[in-house]
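Asks: The following block contains a protein sequence and its predicted model.
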Amino acid sequence: MENAFSALPLPEEQLANLDSLGYKQMTPIQARTLPLALAGKDLVAQAKTGSGKTAAFGLPLLNKINPRDFGAQALVLCPTRELATQVAGEIRRLARYRQNIKVVVLCGGQSIGPQIGSLEHGAHIVVGTPGRIQDHLRKKTLSIARVNTLVLDEADRMLEMGFVDDIEQIIGHTPDSRQTLLFSATYPDDILALSARFQNDPDRVTVESLH
Ligand code: ADP
Ligand code: MG
């Protein structure tokens, strides 16, 4: 089959899980990004809404999660609570074949107490909005010092919403050795500047069509 997931270095259990989710083949953005992202490359990727970008970063970040290590190992920044919730749902579906991988959503507009409670129980993957992630970093209720994958999802929208300082400060708390995956619908200068500052020789992938 064209663009079969089985061509990727993914565990058999993940291939079966993708099949059970009805993912019969990679979407164009997945076919272009997954081989690079699974090999550890930094990426700047552009594709329309609905093109399957979440799995394009979700599969690579999941591959690196060690369930026995309870610190945050992946951080996904999203512009809004709604998007963060959707991304977390998709990552949980992609993680269904693995036991004990915890995904925690940290967004504003929700009380912070239960979020702190979830973090205390150990979160392997954190998905959230920059403002609330910063709140947790200031309170020291979240450590991202051992994050090995950082995703900036809908990066252009986050910058439009004025999150640039928050994003830069958050990145400053992550290790330089991290993999950084940046997804954006457009490429204004501020996105290129962010990429140049925080990514390591990124590959740039653009897909125009949806299917
Ligand atoms: P984007 O972030 O590009 O807007 P999403 O990651 O939210 O797109 O995916 C859009 C929809 O497509 C979701 O319902 C997702 O489950 C589904 N999807 C993603 N990849 C595939 C695939 N390879 N085959 C079928 N459906 C897919
Ligand atoms: Mg998306």
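Replies: Alright, I've got the coordinates. Ligands and ions are numbered 1, 2, ... in the order given.

Asks: now what about the strand or helix carrying residue 204, what contacts it?
Replies: Using DSSP states H and E, residue 204 falls within strand 203-206. Strand 203-206 is contacted from outside by 29, 32-33, 36, 41-47, using Cβ atoms under 8 Å, 6 or more residues apart in numbering. Yep, even glycine has a C-beta here, placed from its N, CA and C like the rest.

Asks: Show me what counts as buried in it.
Replies: Across strand 203-206, burial judged by 16 or more other Cβ atoms under 10 Å covers residue 205.

Asks: what distance separates that strand from the centre of its chain?
Replies: 16 Å (Cα atoms, centre = their mean, to the nearest Å).

Asks: for stretch 75-90, same thing?
Replies: 9 Å.

Asks: Please apply the same query to stretch 42-49.
Replies: 12 Å.

Asks: quick one: average pLDDT of it?
Replies: Stretch 42-49 comes out with an average pLDDT of 94.

Asks: for stretch 146-160, same thing?
Replies: 98.

Asks: Using PDB, write out every CA atom in it.
Replies: Extracted in PDB, the C-alpha atoms of stretch 146-160 (Å, rounded to 0.1, in the frame of the first residue of the first chain):
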ATOM      1  CA  ARG A 146      14.300  16.200  31.200                       C
ATOM      2  CA  VAL A 147      12.000  16.800  28.200                       C
ATOM      3  CA  ASN A 148      13.400  15.000  25.100                       C
ATOM      4  CA  THR A 149      10.700  16.200  22.700                       C
ATOM      5  CA  LEU A 150       9.300  19.700  22.500                       C
ATOM      6  CA  VAL A 151       6.400  20.400  20.100                       C
ATOM      7  CA  LEU A 152       5.200  23.900  19.200                       C
ATOM      8  CA  ASP A 153       1.800  23.200  17.600                       C
ATOM      9  CA  GLU A 154       0.100  25.900  15.700                       C
ATOM     10  CA  ALA A 155       3.100  28.100  16.400                       C
ATOM     11  CA  ASP A 156       1.900  31.000  14.300                       C
ATOM     12  CA  ARG A 157      -1.300  31.200  16.300                       C
ATOM     13  CA  MET A 158       0.600  31.100  19.600                       C
ATOM     14  CA  LEU A 159       2.800  34.100  18.400                       C
ATOM     15  CA  GLU A 160      -0.300  36.000  17.200                       C
END
